[in-house]
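Student: model the following, please.
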Amino acid sequence: MRTDIRYVNSKGISMEFGGDDTSLHYFENELRDWEWEYTSASSSSRITSFSRRSKKPKKIKFHVGIAAATEEEGLIKRNELVTLGEADIVSKTPGKLYIGDWYINCYIIAGEPTNYWLSDRFAEFKLTLLAEDPSWIRETIHYFNHEIQTNPGGSRKDFPKEFPFDLGQSKPSKIFTNDALGSVGWLWRVYGPATNPYMRINNNLHQVNTQIPKGAYMEVNSVAKTIVLIGADGKRENLYAARARGTSTSDSYIFKAIDSGDVSVLWDNTFDFDLTIFESCSTPPYEKERKRIAKAAPAPKEEVAHNG
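Tutor: The predicted model follows:
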(Lines give C-alpha, C1' and ligand atoms only; values in the text may rest on other atoms or scores of the structure.)
Protein backbone atom coordinates (compact mmCIF):
# COMPACT_ATOMS: atom_id res chain seq x y z
CA MET A 1 0.00 0.00 0.00
CA ARG A 2 1.22 3.48 -0.83
CA THR A 3 2.43 5.15 2.36
CA ASP A 4 4.02 8.45 1.33
CA ILE A 5 2.28 11.51 2.79
CA ARG A 6 3.43 15.08 2.19
CA TYR A 7 2.31 18.54 3.23
CA VAL A 8 2.81 21.46 0.84
CA ASN A 9 2.20 24.90 2.31
CA SER A 10 0.89 27.97 0.47
CA LYS A 11 4.48 29.05 -0.33
CA GLY A 12 5.28 25.75 -2.03
CA ILE A 13 7.50 24.45 0.81
CA SER A 14 6.89 20.75 1.49
CA MET A 15 7.74 17.95 3.91
CA GLU A 16 7.22 14.28 3.10
CA PHE A 17 6.51 11.63 5.72
CA GLY A 18 7.00 7.93 5.02
CA GLY A 19 8.63 8.63 1.65
CA ASP A 20 12.18 8.95 0.35
CA ASP A 21 13.28 11.03 3.35
CA THR A 22 13.68 8.25 5.91
CA SER A 23 14.18 10.75 8.75
CA LEU A 24 10.47 11.67 8.65
CA HIS A 25 7.67 9.23 9.32
CA TYR A 26 4.16 9.08 10.77
CA PHE A 27 2.15 6.98 13.20
CA GLU A 28 -1.50 5.95 13.45
CA ASN A 29 -3.66 8.90 12.38
CA GLU A 30 -7.14 10.02 11.36
CA LEU A 31 -6.42 11.01 7.74
CA ARG A 32 -8.52 8.22 6.21
CA ASP A 33 -11.45 8.58 8.62
CA TRP A 34 -14.62 9.89 6.97
CA GLU A 35 -18.24 10.55 7.86
CA TRP A 36 -21.06 12.03 5.79
CA GLU A 37 -23.27 14.71 7.29
CA TYR A 38 -26.99 14.26 6.69
CA THR A 39 -30.31 15.97 7.23
CA SER A 40 -33.65 14.29 7.88
CA ALA A 41 -37.27 15.31 7.81
CA SER A 42 -38.49 17.00 10.96
CA SER A 43 -41.50 14.72 11.30
CA SER A 44 -39.90 11.41 10.30
CA SER A 45 -36.62 9.53 10.02
CA ARG A 46 -36.51 9.95 6.25
CA ILE A 47 -33.10 11.22 5.11
CA THR A 48 -33.39 14.25 2.82
CA SER A 49 -29.76 15.06 1.92
CA PHE A 50 -26.08 14.21 2.41
CA SER A 51 -22.99 16.43 2.54
CA ARG A 52 -19.30 15.97 3.29
CA ARG A 53 -19.12 19.43 4.82
CA SER A 54 -20.46 20.14 8.28
CA LYS A 55 -21.35 23.47 9.85
CA LYS A 56 -17.92 23.62 11.50
CA PRO A 57 -14.43 22.90 10.07
CA LYS A 58 -13.16 19.39 10.69
CA LYS A 59 -10.19 18.74 13.00
CA ILE A 60 -7.88 15.88 12.03
CA LYS A 61 -5.11 14.39 14.19
CA PHE A 62 -1.82 13.59 12.43
CA HIS A 63 0.95 12.04 14.57
CA VAL A 64 4.44 12.36 13.02
CA GLY A 65 7.98 11.52 14.04
CA ILE A 66 11.59 12.47 13.34
CA ALA A 67 14.51 10.00 13.33
CA ALA A 68 17.44 11.97 11.95
CA ALA A 69 20.95 10.73 11.21
CA THR A 70 22.53 13.42 13.45
CA GLU A 71 21.40 15.63 16.32
CA GLU A 72 22.01 18.71 14.16
CA GLU A 73 19.70 17.36 11.45
CA GLY A 74 17.12 16.45 14.09
CA LEU A 75 16.96 20.05 15.34
CA ILE A 76 16.70 21.35 11.76
CA LYS A 77 13.80 18.98 11.02
CA ARG A 78 11.99 20.05 14.20
CA ASN A 79 12.19 23.72 13.28
CA GLU A 80 11.11 23.03 9.70
CA LEU A 81 8.08 21.12 10.98
CA VAL A 82 7.12 23.81 13.49
CA THR A 83 7.24 26.58 10.86
CA LEU A 84 5.72 24.53 8.01
CA GLY A 85 2.16 25.71 8.57
CA GLU A 86 2.92 29.26 9.76
CA ALA A 87 2.83 30.75 6.23
CA ASP A 88 -0.69 29.38 5.72
CA ILE A 89 -1.96 30.90 8.96
CA VAL A 90 -0.44 34.32 8.19
CA SER A 91 -1.79 34.43 4.62
CA LYS A 92 -5.08 32.70 5.53
CA THR A 93 -4.45 30.36 2.60
CA PRO A 94 -4.64 26.61 3.30
CA GLY A 95 -1.87 24.22 2.47
CA LYS A 96 -2.37 20.83 0.85
CA LEU A 97 -1.81 17.48 2.53
CA TYR A 98 -1.27 14.72 -0.05
CA ILE A 99 -1.71 10.97 0.08
CA GLY A 100 -0.46 9.90 -3.32
CA ASP A 101 -2.15 12.10 -5.93
CA TRP A 102 -5.04 13.09 -3.65
CA TYR A 103 -4.97 16.11 -1.34
CA ILE A 104 -7.07 17.86 1.26
CA ASN A 105 -6.97 21.63 1.78
CA CYS A 106 -6.13 22.31 5.41
CA TYR A 107 -4.23 24.32 8.01
CA ILE A 108 -1.83 23.07 10.68
CA ILE A 109 -3.34 24.80 13.72
CA ALA A 110 -1.66 22.95 16.60
CA GLY A 111 1.32 20.77 17.46
CA GLU A 112 2.02 18.86 20.64
CA PRO A 113 5.56 17.52 21.27
CA THR A 114 5.37 14.05 22.82
CA ASN A 115 7.77 11.37 24.03
CA TYR A 116 10.81 13.52 24.71
CA TRP A 117 14.01 11.70 23.82
CA LEU A 118 17.50 11.99 25.33
CA SER A 119 18.93 12.54 21.85
CA ASP A 120 18.00 15.49 19.61
CA ARG A 121 17.97 13.03 16.71
CA PHE A 122 14.45 11.91 17.67
CA ALA A 123 11.16 13.73 18.21
CA GLU A 124 7.42 13.15 17.97
CA PHE A 125 4.63 15.66 17.37
CA LYS A 126 0.86 15.31 17.40
CA LEU A 127 -0.33 17.78 14.76
CA THR A 128 -3.89 19.06 14.47
CA LEU A 129 -5.13 19.83 10.97
CA LEU A 130 -8.18 21.99 10.27
CA ALA A 131 -10.16 21.54 7.04
CA GLU A 132 -13.11 23.67 5.95
CA ASP A 133 -14.07 20.94 3.49
CA PRO A 134 -12.91 17.39 4.35
CA SER A 135 -13.18 16.23 0.72
CA TRP A 136 -10.07 14.75 -0.90
CA ILE A 137 -9.24 16.17 -4.34
CA ARG A 138 -7.37 14.82 -7.36
CA GLU A 139 -6.50 17.16 -10.23
CA THR A 140 -6.38 16.04 -13.86
CA ILE A 141 -5.19 18.56 -16.47
CA HIS A 142 -6.34 18.50 -20.11
CA TYR A 143 -4.33 20.60 -22.59
CA PHE A 144 -5.80 22.42 -25.58
CA ASN A 145 -3.47 24.03 -28.15
CA HIS A 146 -4.70 25.99 -31.14
CA GLU A 147 -3.69 24.81 -34.59
CA ILE A 148 -2.41 27.26 -37.20
CA GLN A 149 -4.53 26.91 -40.31
CA THR A 150 -2.72 27.04 -43.64
CA ASN A 151 -4.26 27.66 -47.03
CA PRO A 152 -2.32 26.17 -49.97
CA GLY A 153 -1.82 28.72 -52.74
CA GLY A 154 -2.29 31.66 -50.40
CA SER A 155 -5.90 32.31 -51.40
CA ARG A 156 -9.34 31.47 -50.11
CA LYS A 157 -12.27 30.55 -52.29
CA ASP A 158 -14.96 33.23 -52.50
CA PHE A 159 -18.60 32.28 -52.18
CA PRO A 160 -21.52 34.35 -53.50
CA LYS A 161 -23.19 34.08 -50.08
CA GLU A 162 -21.76 35.49 -46.85
CA PHE A 163 -21.54 33.01 -44.00
CA PRO A 164 -21.74 34.05 -40.30
CA PHE A 165 -18.42 32.33 -39.62
CA ASP A 166 -14.98 32.05 -41.15
CA LEU A 167 -14.65 28.93 -43.31
CA GLY A 168 -10.86 29.19 -43.15
CA GLN A 169 -10.80 28.78 -39.34
CA SER A 170 -12.15 25.45 -38.13
CA LYS A 171 -13.51 25.01 -34.63
CA PRO A 172 -11.68 22.03 -33.13
CA SER A 173 -13.19 19.81 -30.49
CA LYS A 174 -11.79 17.36 -28.00
CA ILE A 175 -13.51 14.58 -26.09
CA PHE A 176 -12.38 13.13 -22.77
CA THR A 177 -14.06 11.04 -20.10
CA ASN A 178 -14.92 12.25 -16.62
CA ASP A 179 -14.70 9.06 -14.53
CA ALA A 180 -16.00 10.68 -11.34
CA LEU A 181 -19.25 9.39 -9.87
CA GLY A 182 -20.86 12.82 -10.17
CA SER A 183 -20.30 16.30 -11.56
CA VAL A 184 -16.96 18.00 -10.88
CA GLY A 185 -15.55 21.49 -10.51
CA TRP A 186 -12.81 22.80 -12.74
CA LEU A 187 -10.19 25.51 -13.41
CA TRP A 188 -10.02 27.08 -16.89
CA ARG A 189 -6.65 28.77 -17.61
CA VAL A 190 -6.49 30.75 -20.88
CA TYR A 191 -3.13 31.98 -22.19
CA GLY A 192 -2.81 35.27 -24.06
CA PRO A 193 -3.12 36.61 -26.58
CA ALA A 194 -6.86 35.93 -26.66
CA THR A 195 -9.96 37.99 -27.45
CA ASN A 196 -13.29 37.20 -25.79
CA PRO A 197 -12.25 33.59 -25.13
CA TYR A 198 -14.91 30.94 -24.88
CA MET A 199 -15.29 27.19 -24.69
CA ARG A 200 -18.41 25.11 -25.06
CA ILE A 201 -18.54 22.07 -22.81
CA ASN A 202 -21.23 19.74 -24.08
CA ASN A 203 -24.14 22.17 -24.49
CA ASN A 204 -23.01 24.91 -22.11
CA LEU A 205 -21.15 28.08 -23.16
CA HIS A 206 -18.38 29.45 -20.93
CA GLN A 207 -17.19 32.88 -22.10
CA VAL A 208 -15.44 35.98 -20.77
CA ASN A 209 -15.60 39.18 -22.82
CA THR A 210 -12.11 40.58 -22.37
CA GLN A 211 -8.68 40.99 -23.93
CA ILE A 212 -5.85 38.80 -22.63
CA PRO A 213 -2.49 40.23 -23.76
CA LYS A 214 0.51 38.11 -24.65
CA GLY A 215 2.36 36.94 -21.55
CA ALA A 216 -0.77 37.14 -19.39
CA TYR A 217 -3.33 34.47 -18.56
CA MET A 218 -6.85 34.26 -17.19
CA GLU A 219 -8.16 31.80 -14.59
CA VAL A 220 -11.82 30.88 -14.14
CA ASN A 221 -12.43 28.74 -11.04
CA SER A 222 -15.86 27.11 -10.95
CA VAL A 223 -15.49 26.08 -7.30
CA ALA A 224 -14.39 29.45 -5.91
CA LYS A 225 -16.63 31.31 -8.43
CA THR A 226 -13.76 33.63 -9.43
CA ILE A 227 -12.47 35.06 -12.72
CA VAL A 228 -9.02 36.65 -12.55
CA LEU A 229 -6.56 38.05 -15.10
CA ILE A 230 -2.90 37.60 -14.11
CA GLY A 231 -0.61 39.97 -15.99
CA ALA A 232 2.97 39.30 -17.08
CA ASP A 233 4.06 41.35 -14.05
CA GLY A 234 1.96 39.20 -11.70
CA LYS A 235 -0.69 41.89 -11.15
CA ARG A 236 -4.18 40.44 -10.65
CA GLU A 237 -7.39 41.95 -12.06
CA ASN A 238 -10.91 40.83 -11.19
CA LEU A 239 -12.85 39.99 -14.39
CA TYR A 240 -16.02 38.68 -12.75
CA ALA A 241 -18.13 41.44 -14.33
CA ALA A 242 -16.83 40.53 -17.82
CA ARG A 243 -18.36 37.04 -17.80
CA ALA A 244 -21.09 36.11 -20.25
CA ARG A 245 -24.23 36.24 -18.13
CA GLY A 246 -26.39 33.19 -17.59
CA THR A 247 -28.29 31.54 -14.75
CA SER A 248 -27.35 28.17 -13.28
CA THR A 249 -30.18 26.56 -15.26
CA SER A 250 -29.30 28.19 -18.61
CA ASP A 251 -26.95 27.03 -21.38
CA SER A 252 -24.46 29.84 -20.69
CA TYR A 253 -23.65 29.58 -16.98
CA ILE A 254 -19.92 30.22 -16.70
CA PHE A 255 -19.43 28.16 -13.52
CA LYS A 256 -21.49 25.14 -14.55
CA ALA A 257 -19.99 21.89 -13.24
CA ILE A 258 -18.93 19.14 -15.65
CA ASP A 259 -21.09 16.02 -15.58
CA SER A 260 -19.65 12.52 -15.41
CA GLY A 261 -19.22 10.54 -18.61
CA ASP A 262 -17.95 11.69 -22.00
CA VAL A 263 -17.16 15.41 -22.19
CA SER A 264 -16.98 17.36 -25.46
CA VAL A 265 -15.02 20.63 -25.52
CA LEU A 266 -15.31 23.07 -28.44
CA TRP A 267 -13.50 26.41 -28.95
CA ASP A 268 -12.63 28.79 -31.80
CA ASN A 269 -9.00 27.64 -32.28
CA THR A 270 -7.46 31.08 -31.68
CA PHE A 271 -5.83 30.55 -28.26
CA ASP A 272 -4.31 27.93 -25.96
CA PHE A 273 -5.79 26.85 -22.64
CA ASP A 274 -5.74 24.20 -19.92
CA LEU A 275 -8.75 22.65 -18.21
CA THR A 276 -8.09 21.18 -14.76
CA ILE A 277 -10.72 18.78 -13.40
CA PHE A 278 -11.23 18.55 -9.62
CA GLU A 279 -12.35 15.01 -8.75
CA SER A 280 -13.38 14.55 -5.11
CA CYS A 281 -13.95 11.64 -2.74
CA SER A 282 -14.44 10.96 0.97
CA THR A 283 -11.09 9.24 1.50
CA PRO A 284 -8.10 8.58 -0.79
CA PRO A 285 -8.16 5.22 -2.59
CA TYR A 286 -5.65 2.59 -1.47
CA GLU A 287 -2.82 2.27 -3.99
CA LYS A 288 0.29 0.15 -4.44
CA GLU A 289 3.43 1.54 -2.88
CA ARG A 290 5.68 3.35 -5.34
CA LYS A 291 9.37 2.49 -5.66
CA ARG A 292 11.54 4.55 -3.40
CA ILE A 293 14.83 6.14 -4.35
CA ALA A 294 17.58 4.52 -2.35
CA LYS A 295 19.73 7.03 -0.49
CA ALA A 296 22.97 6.12 1.23
CA ALA A 297 23.16 7.31 4.81
CA PRO A 298 25.98 9.82 5.41
CA ALA A 299 28.93 8.48 7.37
CA PRO A 300 29.56 10.08 10.78
CA LYS A 301 32.10 12.89 10.66
CA GLU A 302 34.36 11.10 13.14
CA GLU A 303 34.64 8.05 10.86
CA VAL A 304 35.36 10.18 7.80
CA ALA A 305 38.19 11.98 9.59
CA HIS A 306 39.58 8.71 10.97
CA ASN A 307 39.55 6.92 7.61
CA GLY A 308 41.17 9.86 5.86
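
Student: rest of the way, CA atoms for contacts and neighbours
Tutor: OK.

Student: next, count neighbours for the residue nearest to residue 269 when sequence neighbours are not counted.
Tutor: Once flanking residues are discounted, residue 269 sits nearest to residue 146: 4.8 Å by CA to CA, 6 or more residues apart in numbering. Neighbouring residues of residue 146 were enumerated by other CA atoms under 10 Å; the total is 14.

Student: residue 146 reaches residue 274, doesn't it?
Tutor: No. With contact defined as CA atoms under 8 Å, residue 146 does not count as touching residue 274 (11.4 Å).

Student: can you pull out the helices in the stretch 201-308 of the chain?
Tutor: 301-307 (DSSP state H, counting those that start in this stretch).

Student: remind me which residues of it are low pLDDT?
Tutor: Residues of the stretch 201-308 of the chain meeting the criterion pLDDT under 70: 289-308.

Student: circling back to that earlier point, where does the residue nearest to residue 269 sit: helix, strand or coil?
Tutor: Counting by DSSP: H, G, I helix; E, B strand; the rest coil, the backbone at residue 146 sits in coil.

Student: quick one: residues contacting it.
Tutor: Residues near residue 146 by CA atoms under 8 Å, 6 or more residues apart in numbering: 269, 270, 271, 272.

Student: thought the first one was touching residue 147?
Tutor: Yes. Residue 269 sits in contact with residue 147 when judged by CA under 8 Å, with a separation of 6.5 Å.

Student: between these two, which one's more packed in?
Tutor: It is residue 269, of residue 269 and residue 147, that has more neighbours when counted by other CA under 10 Å, with 19 against 14.

Student: and this protein, what are its domains?
Tutor: Structural domains assigned to the chain are 5-39+51-134, 138-148+169-281, following automatic domain parsing.

Student: of the ones you listed, which is nearest residue 288?
Tutor: Taking CA to CA, domain 5-39+51-134 is the member of those nearest to residue 288, at 9.8 Å.

Student: what is the burial count for residue 247?
Tutor: 11.

Student: what's near enough to touch it?
Tutor: Residue 247 neighbours (CA under 8 Å, 6+ apart): residue 253.

Student: go with 10 Å
Tutor: The contact partners of residue 247, by CA atoms under 10 Å, 6 or more residues apart in numbering, come to 253, 254, 255, 256.

Student: also residue 65?
Tutor: Here residue 65 is in contact with 17-18, 23-27, 77-78, 113-115, 122-126 (CA under 10 Å, 6+ apart).

Student: just the buried subset of those residues, please.
Tutor: Buried members of the contacts of residue 65, counted by 16 or more other CA atoms under 10 Å: 17-18, 23-26, 77-78, 122-126.

Student: return the item of the residues you listed having minimum pLDDT.
Tutor: Note: of those, the lowest pLDDT belongs to residue 18, at 84.

Student: that one against residue 4, yeah?
Tutor: Yes. At 4.8 Å, residue 18 and residue 4 qualify as touching, with contact defined as CA atoms under 10 Å.

Student: now do the shared contacts for the two.
Tutor: In contact with both residue 18 and residue 4: 25, 26, using CA under 10 Å, 6+ apart.

Student: as CSV, the contacts of residue 247 with neighbour count and distance to residue 138 would be great.
Tutor: Shown next, in CSV, are the contacts of residue 247 (neighbours: other CA atoms under 10 Å; distance: CA to CA, whole Å):
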residue, neighbour count, distance to residue 138
253, 18, 24
254, 26, 22
255, 24, 19
256, 24, 19
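
Student: quick one: which of those is nearest to residue 56?
Tutor: residue 255 (25.5 Å).

Student: any idea of the mean pLDDT in stretch 65-75?
Tutor: Mean predicted lDDT for stretch 65-75 stands at 94.

Student: what is the distance between the helix or strand harbouring residue 199 and the centre of its chain?
Tutor: Using DSSP states H and E, residue 199 sits within strand 198-201. Strand 198-201 has its C-alpha centroid displaced from the chain centroid by 22 Å (CA atoms, centre = their mean, to the nearest Å).

Student: tell me the bridge partners for residue 65.
Tutor: Beta bridges link residue 65 to residue 25, residue 124, judged by DSSP bridges.

Student: distance of it relative to residue 78?
Tutor: According to CA to CA, to the nearest Å, residue 65 stands 9 Å off from residue 78.

Student: which neighbours do those two share?
Tutor: What both residue 65 and residue 78 touch, as defined by CA under 10 Å, 6+ apart, is the set 113, 122, 123, 124, 125.

Student: how about JSON lines for these, with distance to residue 82 added?
Tutor: As requested, the shared contacts of residue 65 and residue 78 are exported to JSON lines (distance: CA to CA, whole Å):
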{"residue": "113", "distance to residue 82": "10"}
{"residue": "122", "distance to residue 82": "15"}
{"residue": "123", "distance to residue 82": "12"}
{"residue": "124", "distance to residue 82": "12"}
{"residue": "125", "distance to residue 82": "9"}
